[in-house]
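>>> sequence isn't available, so here's the structure alone:
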């Protein structure tokens, strides 16, 4: 559900062909219309969605529509992605080309049962693996024992953290890691101090029942008082604590999209909400410029170039099963560079999938760990530490280099993706075999995998590929290829 398009004449591929592409820099409702005219020309429009939307302009007032960006390349879909990746990294991201740290998130280990001892125990294990950023997820704030209470009350729960968050953060920092936190500020539970004080602050229609989703309702960020409340809560949290990373979640769709006391037409809500969201994010960014913000919305629900003016990362999907992630990550790469893609290693998926495979899938983006470290055991944690150390050696190429989709995991059981430094001096190749069917008569034999042809190398330069004997020219690796067994 991303506001993006790419068009060709039916003969473009990853490496060549005319491609027209465009994006909408907007984090709310949008619409794309594509049509062929009577003269066989193709017209594409992208912009605000007009469904349930109206805007009242008084004399002398103006309305500014969201920006769209478009481009053309003769280099195929791969070149289109490179143009978008470079634009995002060079122009949009608040922290530009800063390398993202390897993080650990404690959600799968403790869910809502967070407290200082449980988080310190996980932090000690994470630090021993070479983790650089420890992120405490849901459950830390006032009244949050389950998912039906507490949203809106953004201060530490006194029962779980009787001394506040400062001792935990100090311990995490003493272990050599930065500290981050999960929030979901656009939501409110009916069972919260905020909702009891301001039931009019949620999106609703007067006289109609208020539907909850996930036991939540949506705060009306179009309202200035809501914006200032959230800014005040999070500003205090960030000013009082050494927090360098915020995972901002948003987990439900809109119902009863009303604004009974709107100053104009209620249907302006759809745009004024996003303007309010940008105001809150922008204000907090100005006050705390060192903080890395991650946009998380149910898994890729708010992935767009409007949000990447404020956030450095996007939570790609709640589906962290590694075979599925190969396809998801390929789709994500059509628009977004690898440094914006948070990629967790979790305990999701069949038990027979080895940690090595799960680690390599997540190493294709900004590496994070989300599994239950206690359950991994000493051997699992030691193995993960080795892959984390390797990722730190490779991440500059992965996060900031050009990405080449050599074989699609959406179309093949054997897929590959390559990253190449901008100067062509070094690269990283990932190859994955998932499910390669064989005829019954050959089922006892290993499959014959097709050649891989590297891309983007300097044809005259000499390259060595680890695991293959000899040094060959870039032209040879690109045109003669290599065979993985």
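It's in. This structure is a prediction, so every number in the text was calculated from the model and none was measured. Numbers count the residues shown, from 1 in each chain.

>>> so what's residue 472 closest to, chain neighbours aside?
residue 463 (6.5 Å; Cβ to Cβ, 6 or more residues apart in numbering). All C-beta atoms are positioned from the backbone trio N, CA, C, and that covers glycine.

>>> could you check how far that neighbour is from residue 387?
23 Å (Cβ to Cβ, to the nearest Å).

>>> again with residue 308
For residue 308, the distance to residue 387 - Cβ to Cβ - is 28 Å.

>>> show the pLDDT at residue 446.
Residue 446 is assigned a pLDDT of 74 by the prediction.

>>> which residues touch the residue nearest to residue 472?
By Cβ atoms under 8 Å, 6 or more residues apart in numbering, the residues touching residue 463 are 457, 471-474, 477.

>>> just send these back as TSV, with distance to residue 215 and secondary structure too.
Converted to TSV, those look like this (distance: Cβ to Cβ, whole Å; DSSP: H, G, I helix; E, B strand; the rest coil):
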residue	distance to residue 215	secondary structure
457	54	coil
471	61	coil
472	60	strand
473	61	strand
474	57	helix
477	55	helix
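
>>> so how do I select the buried members of those residues in ChimeraX?
Buried members of the contacts of residue 463, defined by 16 or more other Cβ atoms under 10 Å, are picked up in ChimeraX with:
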select :457,472,473,474,477
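
>>> what is the nearest of the contacts of residue 463 to residue 31?
Set against residue 31, the nearest of these by Cβ to Cβ is residue 457 (41.3 Å).

>>> residue 478 is in contact with the closest one, correct?
Yes. At 5.6 Å, residue 457 counts as touching residue 478 under the criterion of Cβ atoms under 8 Å.

>>> got phi/psi on residue 279?
With angles defined as degrees, to the nearest 10, residue 279 sits at phi -60, psi -40.

>>> secondary structure class for the closest residue in space to it that isn't next to it in sequence?
Leaving out its chain neighbours, the residue that sits closest to residue 279 by Cβ to Cβ, 6+ apart is residue 227, at 5.6 Å. Of the three states, residue 227 takes helix under DSSP: H, G, I helix; E, B strand; the rest coil.

>>> didn't residue 227 look like it was pressed against residue 281?
No. In this structure, residue 227 is not within contact of residue 281 by Cβ under 8 Å, at 10.3 Å.

>>> okay, those two: which has more neighbours?
residue 281 (24 against 19; other Cβ atoms under 10 Å).

>>> after the biggest helix by length in the chain, next one along is what?
Across the chain, the longest stretch assigned as helix under DSSP state H is helix 373-400. Later in the chain than helix 373-400, the nearest helix or strand by DSSP states H and E is strand 402-407.

>>> mind giving me the packing neighbours of that following strand?
Helices and strands touching strand 402-407, by 3 or more Cβ pairs under 8 Å, 6 or more residues apart in numbering; DSSP states H and E, are helix 76-87, helix 322-333, strand 414-420.

>>> could I get those as JSON lines with mean neighbour count and distance to residue 369?
As requested, those are arranged in JSON lines below (neighbours: other Cβ atoms under 10 Å; distance: least, Cβ to Cβ, whole Å):
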{"stretch": "helix 76-87", "mean neighbour count": "20", "distance to residue 369": "25"}
{"stretch": "helix 322-333", "mean neighbour count": "20", "distance to residue 369": "13"}
{"stretch": "strand 414-420", "mean neighbour count": "21", "distance to residue 369": "21"}
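
>>> can you tell me, leaving aside adjacent residues, what's nearest to residue 282?
Nearest one to residue 282, counting by Cβ to Cβ, 6+ apart, is residue 310 at 6.3 Å.

>>> returning to that earlier point: flag every buried residue along the longest helix of the chain.
373, 376, 381, 383-384, 387-388, 391, 394-400.

>>> off-centre distance for that helix?
20 Å (Cα atoms, centre = their mean, to the nearest Å).

>>> what's it packed up against?
helix 116-128, helix 355-362, strand 366-369, strand 414-420, strand 427-433.

>>> residue 201 - how many residues pack around it?
20.

>>> that one and residue 307: what is the separation?
Taken as Cβ to Cβ, the span from residue 201 to residue 307 is 23 Å.

>>> likewise residue 362?
Note on residue 362: its distance to residue 307, by Cβ to Cβ, is 22 Å.

>>> tell me which of the two has more neighbours.
residue 362 (26 against 22).

>>> now do the contacts for that one.
322, 325, 343-345, 368.

>>> contacts only, for the nearest residue to residue 75 once chain neighbours are set aside.
The shortest distance from residue 75 to any non-neighbouring residue, by Cβ to Cβ, 6+ apart, is to residue 16 (6.2 Å). By Cβ under 8 Å, 6+ apart, the contact set of residue 16 is 74-76.

>>> what's the closest of the helices and strands packed on strand 402-407 to residue 67?
Closest among these, using Cβ to Cβ: helix 76-87, at 12.2 Å.

>>> where exactly do the strands run in the stretch 101-250 of the chain?
103-105, 133-136, 178-183, 187-188, 217-218, 245-248 (DSSP state E, counting those that start in this stretch).

>>> and residue 431, how many neighbours?
Quick note: residue 431 (other Cβ under 10 Å) scores 16 neighbours.

>>> OK, contacts around the closest residue to residue 164 other than its chain neighbours?
Spatial nearest neighbour of residue 164, chain neighbours left out: residue 156 (5.2 Å); criterion: Cβ to Cβ, 6+ apart. Neighbour list for residue 156: 140-142, 164-165 [criterion: Cβ under 8 Å, 6+ apart].

>>> look at residue 156 and report its pLDDT.
98.

>>> beta partners for it?
residue 141 (DSSP bridges).

>>> residues contacting the nearest residue to residue 390 once chain neighbours are set aside?
In space, and not counting its chain neighbours, residue 390 is closest to residue 363: 7.9 Å by Cβ to Cβ, 6+ apart. Shown in contact with residue 363 (Cβ under 8 Å, 6+ apart): 343, 387, 390-391, 394, 398, 430.

>>> can you tell me what sits against stretch 52-70?
The contact list for stretch 52-70, computed with Cβ under 8 Å, 6+ apart, reads 20-26, 29-30, 46-48, 87, 257, 264-265, 267-268, 270-271, 305-306.

>>> again, only this time at 6 Å
22-26, 46-47, 264-265, 267-268, 270 (Cβ atoms under 6 Å, 6 or more residues apart in numbering).

>>> buried ones in it?
Neighbour-count burial for stretch 52-70 [16+ other Cβ under 10 Å]: 53, 66, 68-69.

>>> how about the helices and strands packed on strand 402-407 in CSV, adding mean pLDDT and distance to residue 61?
Formatted as CSV, the helices and strands packed on strand 402-407 follow (pLDDT from 0 to 100; distance: least, Cβ to Cβ, whole Å):
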stretch, mean pLDDT, distance to residue 61
helix 76-87, 98, 32
helix 322-333, 97, 38
strand 414-420, 97, 48
